[in-house]
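K.L.:
here are the coordinates; sequence isn't available:
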């Protein structure tokens, strides 16, 4: 039995655009969020409050948040890696903060020079402060399906990180295939472990399409009853560990799949395609989304 309704969290404005080398204007970022919510998205990851030294594309975080024309019923989330980031998120009136921890010790050590356990403890004050201010805490388990440094990641390691994140107060757990190596069988096994601890309403999947498996992996999750997924408009975002590879699965492609299955999303696919075309034009290229390119070509055909 597949879900009757699926919620999509569009991470394009944050996870997608942060990988872009070229500058994207504040006005275009705000317009992107406005177009997403007009298309029916009710969960949007807008920006991240991180040091501009490390992620220069997100240096305009406060300006973007201040410029939003907010819609009732839309949740605006931001990534907050530390308390300084949380203070920025609080001042910007974010509805939700996003934290993360790797399921791979090698990835954790290589990227932030500390163990998984230490990295999660660093997020404890962020989670506690968010809860104290009535903000939801969404946590991502990165490299849950594989690591660019150590290769395979065990099911036990993923389950351990899920429990640790819940232990510091995470309300929602996202299982992320950061490098896009997961296949349906492995995804099913990983999600089954997470489902032992996380209610379906607070469990999601975040899939990269590096090996072209993202839609198949989403279908495997749907078969388990999982009904929340991260997606990225126009397929924004690369995979830094696989040169030239695509990153986040495109929102348009996932919506096309879901609507074809008779699953409601509340999203207008035509408006979504327009939105993907808008931000892709701003970046000077075509959308990565196959559905977008097919629909745009069809529109252009006499």
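P.N.:
Okay, I see it. Everything numeric here is computed off the predicted structure, so don't read it as measured data.

K.L.:
Check which helices and strands the helix or strand bottoming out on mean pLDDT in the chain sits against.
P.N.:
Least confident helix or strand, the chain: helix 105-112 with a mean of 90, by mean pLDDT, DSSP states H and E. Helices and strands touching helix 105-112, by 3 or more Cβ pairs under 8 Å, 6 or more residues apart in numbering; DSSP states H and E, are strand 96-102, helix 116-132. Any C-beta I mention is one placed from the backbone N, CA and C, and that applies to glycine too.

K.L.:
How about residues contacting it?
P.N.:
101-102, 114-116, 119, 142-143, 147-150, 157 (Cβ atoms under 8 Å, 6 or more residues apart in numbering).

K.L.:
ranges for the strands of the protein?
P.N.:
Counting by DSSP state E, one finds strands in the chain at the ranges 7-10, 43-48, 75-79, 96-102, 136-142, 172-177, 203-207, 228-231.

K.L.:
For residue 64, which of those is the nearest?
P.N.:
strand 43-48 (5.3 Å; Cβ to Cβ).

K.L.:
quick check: angle from that closest one to strand 136-142?
P.N.:
In terms of direction (axes from the mean of the first three to the mean of the last three Cα atoms, to 10 degrees), strand 43-48 departs from strand 136-142 by 80 degrees.

K.L.:
what angle do strand 43-48 and strand 75-79 make?
P.N.:
40 degrees.

K.L.:
gap between the least confident helix or strand of the chain and the chain center?
P.N.:
Relative to its chain's centre, helix 105-112 lies at 20 Å (Cα atoms, centre = their mean, to the nearest Å).

K.L.:
same question, stretch 169-181
P.N.:
For stretch 169-181 - counting by Cα atoms, centre = their mean - the centre lies 8 Å from the chain centre.

K.L.:
can you give me the mean pLDDT across it?
P.N.:
The average pLDDT for stretch 169-181 rounds to 96.

K.L.:
so how far is the first residue of stretch 95-114 from its last?
P.N.:
This stretch, stretch 95-114, spans 29 Å end to end (Cα to Cα, to the nearest Å).

K.L.:
What residues sit buried inside that stretch?
P.N.:
Residues of stretch 95-114 classed as buried by neighbour count (16 or more other Cβ atoms under 10 Å): 95-105, 107-109.
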